[in-house]
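> Starting from these lines, generate the structure:
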Amino acid sequence: MTGEPGFIAALRTMAPHPAARGLADDAAVLELGAVELVLTHDMMVEGVHWLRGQDMTDIAFKLVAVNLSDLAAKGAEPLGVLLGFMLGENDAQFLHGLEQALAEFGVPLLGGDTVGGGGGGARAIGLTAIGRATCHPVPSRSGAQPGDGVWLTGTIGAAMLGFEALRDADEWGETAAADTRAFRRPCPRLREGQMIAPLATAMMDVSDGLLLDASRMADASGVTIALDSIAIPFAERLPLDRRRDALGWGDDYELLFTAPETFAPPCPVTRIGTVLPRREVPLLLDDAPVEGRLGYQHGA
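Numbers count the residues shown, from 1 in each chain. Below you'll find the model as predicted:
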């Protein structure tokens, strides 16, 4: 067993239920009569997903947002969330941010659990988001077909720049007027997801890096995805020499999806590539295999 991929591979042997989708998707899809529930759970860890000393108001907001992003990737309507929280410093700030996020996205808190941290170690917090599917079939990562276009909402790279600005803030906490909101408070593409879901052949959110997530979609679908770097929309303030870094950084929470050539976009999106029959590698960038780091993997 090696890192995150090996651990997840072991878990797949314990998850034969169809709702689990082979643990190869953004969320589980559970059929209950005529209703399909979409279930997801994401965690965040201090020092990994947020900087030590970062405002806990923002941490709470982001925790809700990243889980709702998984629902967006299924075109789901959020129904509620369950919180798993480790008590520690600045809990009142966390509660304030949680209240803001629940109000911003119109999502109720349904329950959860709190625990003491035992002192000294990094804090870990988690959230389960529950949604209702708005179309059938619910899109997965595994439906991309040769000939489909590859599309993306929004831009890539703003979160990376926001993180670096916060990390490098001076002793007064100034961030050189940099816009850090994309890292601190990402916006899940819920509306866009519901519009795109009935038209997409495959869809997922970009959380671990566009290259890695595109490669995962290609593997799940048994195809090769060819991306065109010139077509990829990057954040306006991203320097040209940082574009490769941004492709493998993650935290963008945009929607990556495939759709037939007849696809007519129902909202602003950008075509960034094409789905090909399976080749020796799952991902091509400018017609060549990708060298170097594709994205973020825990334990790698």
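> only C-alpha atoms for contact and neighbour calcs from this point on.
Fine.
> Other residues contacting stretch 160-167?
Contact partners of stretch 160-167, identified using CA atoms under 8 Å, 6 or more residues apart in numbering, comprise 51, 175-176, 178-184, 238, 246, 249-251.
> Could you check how far the helix or strand hosting residue 60 is from the centre of its chain?
Taking DSSP states H and E as the criterion, residue 60 maps to helix 56-72. Mean C-alpha position of helix 56-72 versus that of the full chain (CA atoms, centre = their mean, to the nearest Å) differs by 10 Å.
> quick one, strands of the stretch 51-200 of the chain?
In the stretch 51-200 of the chain, the segments counted as strands under DSSP state E, counting those that start in this stretch are 76-87, 109-116, 124-133, 149-152.
> burial measure for the nearest residue to residue 258 once chain neighbours are set aside, as a count.
Leaving out its chain neighbours, the residue that sits closest to residue 258 by CA to CA, 6 or more residues apart in numbering is residue 150, at 4.5 Å. For residue 150, the count of nearby residues is 26 (other CA atoms under 10 Å).
> Same check on the one 3 residues further on?
For residue 153, the number of neighbouring residues by other CA under 10 Å comes to 21.
> excluding its backbone neighbours, what's nearest it?
residue 269 (4.6 Å).
> quick one: contacts for the one you found?
Residue 269 sits next to 151-154 when contact means CA under 8 Å, 6+ apart.
> can I get those in CSV with distance to residue 29 and pLDDT?
Formatted as CSV, the contacts of residue 269 follow (distance: CA to CA, whole Å; pLDDT from 0 to 100):
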residue, distance to residue 29, pLDDT
151, 23, 98
152, 23, 98
153, 23, 98
154, 26, 97
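> now for the helix or strand bottoming out on mean pLDDT in the chain, which elements pack on it?
Within the chain, no helix or strand scores below helix 3-12, which has a mean of 80 by mean pLDDT, DSSP states H and E. Packing contacts for helix 3-12, counted by 3 or more CA pairs under 8 Å, 6 or more residues apart in numbering; DSSP states H and E, involve no helix or strand.
> Let's see it as CSV, backbone CA atoms only.
Provided in CSV are the C-alpha atoms of helix 3-12 (Å, rounded to 0.1, in the frame of the first residue of the first chain):
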residue,chain,number,x,y,z
GLY,A,3,-0.1,6.7,0.1
GLU,A,4,-3.6,7.8,-0.7
PRO,A,5,-4.0,5.8,-4.0
GLY,A,6,-3.1,2.5,-2.2
PHE,A,7,-5.4,3.2,0.7
ILE,A,8,-8.3,4.0,-1.5
ALA,A,9,-7.7,0.9,-3.6
ALA,A,10,-8.0,-1.2,-0.3
LEU,A,11,-11.2,0.6,0.6
ARG,A,12,-12.7,-0.2,-2.8
